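Novice: take this sequence and fold it.
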Amino acid sequence: MIFSRILFDLATRNVRLHFLRSLLAAVGIVIGVLAITAMGMMGSTLQLSVSSQLSEGANTLVVYPYMTTGSDEGITERQLRDIKLSAGTNPVIPIMSGSDRIAVGSEDGYASVYGLDPGDIGEIAEVDRGVSVRGGEGALVGPALAREYDMRVGSRIVLGSEGGRSLRVVGILKESGFSGAMMTDNAIVVAENTFTSIYGDKGYSMVQIVVKDLSAIDRVKESIESKMNRREDTVTVWDSRAFLDMVNQALGSISLFVMAIGGISLIVAAVSIFNVMLMSVSERIKEIGILRSIGVQKHEISLIFLYEAVILGVAGSFVGALVSLLGGYLLISFMFGDTTFFFAPQTLVYIPVGMGIGIGVCLLSGVYPALRAARLNPIEALGAE
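Specialist: Next up, the predicted model:
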């Protein structure tokens with residue numbers, strides 16, 4: 001134990017004697033660990049943030065009409081009754097949807113349009129300003145669309161081209177992002193009878209079921225499919241959990257890819273450590289010969305150089321982790337405006353992971369120089385200049 005401490009002190013002494021060279025090598029490790037850790041933490045924070053938003057609708061099933069060539073018919077009233085029977089006590093919300101040209105004052109563009117029963121609107125979206133539609137000629141407007149066209153409660157919006165229907169904006173919806181099968185932030189929501197009076201009644205474009213008990217989703221889904229598609233395919237049932245899994249998988253792959261790019265800097269750092277260690281061996285051949293002549297074993301010579309590699313790795317990894325922790329917090333705060341998920345275990349785990357990779361890279365870089373030092377012939381080493 002005491003002798004091992006002496007070997008460690010020899011390694012520390014060499015790092016101090018060649019401080020500038022060792023510092024430059026350690027800087028490469030700092031950059032590599034910073035890149036891997038920061039990228040991993042950012043990717044994890046993004047994944048947790050998106051998953052949190054999408055998981056709010058993870059208890060949702062959406063039923064679409066089975067599309068056949070040349071058919072644009074939606075879900076009929078009879079099919080809707082069957083869906084409600086299959087869904088049991090879970091809320092069933094039929095939705096009509098489309099897109100149309102809109103005009104607000106002198107500006108025009110396109111927007112999604114949804115038609116719902118006024119009593120179901122509260123299940124899909126929440127009004128931020130104004131009131132909800134109560135079956136008249138009013139319309140609710142998504143917040144992003146309202147900002148784009150500078151709309152407020154009382155504004156007039158025209159659906160369709162020349163001779164279109166003019167509607168009064170009675171309310172502005174709250175930000176919701178993705179809400180089940182609907183994206184209301186850039187959409188217009190009207191009463192079902194208003195929608196059919198403008199576009200006709202071709203059935204429902206989709207039916208959304210909010211399953212109260214998350215564990216019952218598969219049972220409700222199977223019930224709908226077995227009842228509706230018993231003889232032939234008439235509907236397609238979409239499970240929001242599948243979308244959540246797909247998004248998580250995509251974000252995870254992107255995060256790994258970005259971390260791999262950051263890992264390139266660690267490869268550069270490994271080459272630098274390797275070069276430093278080889279130079280150290282070349283400069284200390286006579287010292288190695290003296291140590292061997294007084295009885296120091298080959299594996300103990302290797303330990304001296306491996307200790308040097310570990311010292312550089314630990315120092316560089318610790319500084320890199322500290323910088324990534326502080327820098328990552330500031331960057332995520334700036335980009336997302338919310339650091340809630342930054343302190344989640346799934347995010348903070350990248351700190352020890354990054355440090356472990358940094359130390360491991362240094363250790364591997366020092367293996368060959370350490371073995372080369374151990375294999376030196378003591379007689380030849382003593383005679384070296």
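Novice: can you give me the helices for the stretch 201-350 of the chain?
Specialist: For the stretch 201-350 of the chain, the helices defined by DSSP state H, counting those that start in this stretch cover 217-228, 240-283, 285-293, 298-336, 345-348, 350-374.
Novice: turn the ones you listed into JSON lines, including mean neighbour count and mean pLDDT.
Specialist: The way it works is simple: take the backbone N, C-alpha and C, and place the C-beta from them, glycine included. What follows is those, written out as JSON lines (neighbours: other CB atoms under 10 Å; pLDDT from 0 to 100):
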{"stretch": "helix 217-228", "mean neighbour count": "17", "mean pLDDT": "86"}
{"stretch": "helix 240-283", "mean neighbour count": "17", "mean pLDDT": "75"}
{"stretch": "helix 285-293", "mean neighbour count": "17", "mean pLDDT": "73"}
{"stretch": "helix 298-336", "mean neighbour count": "20", "mean pLDDT": "83"}
{"stretch": "helix 345-348", "mean neighbour count": "14", "mean pLDDT": "82"}
{"stretch": "helix 350-374", "mean neighbour count": "21", "mean pLDDT": "83"}
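Novice: which parts of this structure belong to which domain?
Specialist: Domain assignment for the chain, taken from automatic domain parsing, gives 2-54+245-382, 67-233.
Novice: looking at those, which is closest to residue 60?
Specialist: Comparing these by their distance to residue 60 (CB to CB), the top pick is domain 67-233, with 4.3 Å.
Novice: just give me how far that closest one sits from the chain centre.
Specialist: Distance of domain 67-233 from the chain centroid (CA atoms, centre = their mean, to the nearest Å) equals 29 Å.
Novice: what's the end-to-end length of it?
Specialist: 9 Å (CA to CA, to the nearest Å).
Novice: with stretch 284-299 instead?
Specialist: Start and end residues of stretch 284-299 are separated by 16 Å (CA to CA).
Novice: ok, residue 169 - contacts?
Specialist: 130, 138-141, 146, 151-157 (CB atoms under 8 Å, 6 or more residues apart in numbering).
Novice: pretty sure residue 65 contacts residue 75?
Specialist: Yes: counting by CB atoms under 8 Å, residue 75 is a contact partner of residue 65 at 5.2 Å.
Novice: identify the bridge partners of residue 94.
Specialist: Beta bridges link residue 94 to residue 207, judged by DSSP bridges.
Novice: coming back round to it: who wins for most neighbours among the contacts of residue 169?
Specialist: The most crowded member of those, judged by other CB atoms under 10 Å, is residue 141 (32 neighbours).
Novice: ok, that one to residue 153 distance?
Specialist: Distance, residue 141 to residue 153, by CB to CB, to the nearest Å: 9 Å.
Novice: regarding the nearest residue to residue 187 once chain neighbours are set aside, what is its secondary structure?
Specialist: Leaving aside its sequence neighbours, residue 187 sits nearest to residue 112 (CB to CB, 6 or more residues apart in numbering; 4.1 Å). Look at residue 112: counting by DSSP: H, G, I helix; E, B strand; the rest coil, its state is strand.
Novice: just want the angle from whichever strand or helix holds residue 21 to helix 298-336.
Specialist: Here residue 21 sits within helix 19-55, counting by DSSP states H and E. Relative orientation of helix 19-55 versus helix 298-336 (axes from the mean of the first three to the mean of the last three CA atoms, to 10 degrees): 50 degrees.
Novice: show me what helix 19-55 is packed against.
Specialist: Judged by 3 or more CB pairs under 8 Å, 6 or more residues apart in numbering; DSSP states H and E, helix 19-55 is in contact with helix 240-283, helix 298-336, helix 345-348, helix 350-374.
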